[in-house]
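**Student:** Could you work out the structure for the sequence below:
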Amino acid sequence: MIRIEDLHKVYPMGDIEVKALDGVDLDIAKEEFIGIMGPSGSGKSTLLHMLGILDHPTTGKIHIDGVDIGKLTDYEKTMFRLYKLGYVFQDYALVPDLTVSENLRFFADLYNVIGEARRHDAHREATCRRNPAARHGAAVHALRELGQEDSICPRLR
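**Tutor:** Residues are numbered from 1 along each chain as shown. Presented below is the predicted three-dimensional model:
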């Protein structure tokens, strides 16, 4: 499922190059559970950022589900993260009053709501393209939903 080949990440710091990752090779099978351990500054977070497609390697390759993520466009990376990866950050990006389980459920529910809204929007857009009256109705509905009913021209209400 995940294959890392000769992964390097070098950060230039003035005249010095800091090698955060230096030739990492790793295979992680589907449903395999692993732990990444090491002292501070050993490259753990850098590796996780690479696997989460949040950063790119200096050299080397990462394949996830057979996809070479280094060849993806920015948009494709975003969609890959959205549909293929789950990434729980250490502190930020979590709702502090929720447990880990509740945070995961919250974001899974949010993902489902966003997906349903996109499907609904696509259907409405297709309908509006074919029918000017539907475009008008959709615009009026959207303004009402946003509490902007006063913005609607009186003769169109």
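**Student:** quick one, domains of this protein?
**Tutor:** 2-87, 92-157 (automatic domain parsing).
**Student:** Can you tell me which of these has the worst average pLDDT?
**Tutor:** The stretch with the lowest mean pLDDT among the domains of the chain is domain 92-157, at a mean of 62.
**Student:** ok, now which ones touch Thr46?
**Tutor:** By CB atoms under 8 Å, 6 or more residues apart in numbering, Thr46 lies in contact with Lys9, Ala20, Leu21, Asp55. For the C-beta atoms, the positions are set from N, CA and C on the backbone; glycine is no exception.
**Student:** For PyMOL, write a command that selects the buried ones of those residues.
**Tutor:** With 16 or more other CB atoms under 10 Å as the criterion, this PyMOL line picks the buried residues out of those:
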select buried, resi 9+20+21
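**Student:** Mind checking which of the contacts of Thr46 are in helices?
**Tutor:** The members of the contacts of Thr46 all map outside helices under DSSP state H.
**Student:** Next, format the contacts of Thr46 as CSV and append distance to Gly43.
**Tutor:** Shown next, in CSV, are the contacts of Thr46 (distance: CB to CB, whole Å):
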residue, distance to Gly43
Lys9, 7
Ala20, 5
Leu21, 5
Asp55, 12
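**Student:** ok, so what distance separates Leu47 from Ile62?
**Tutor:** In this view, Leu47 and Ile62 are 10 Å apart by CB to CB, to the nearest Å.
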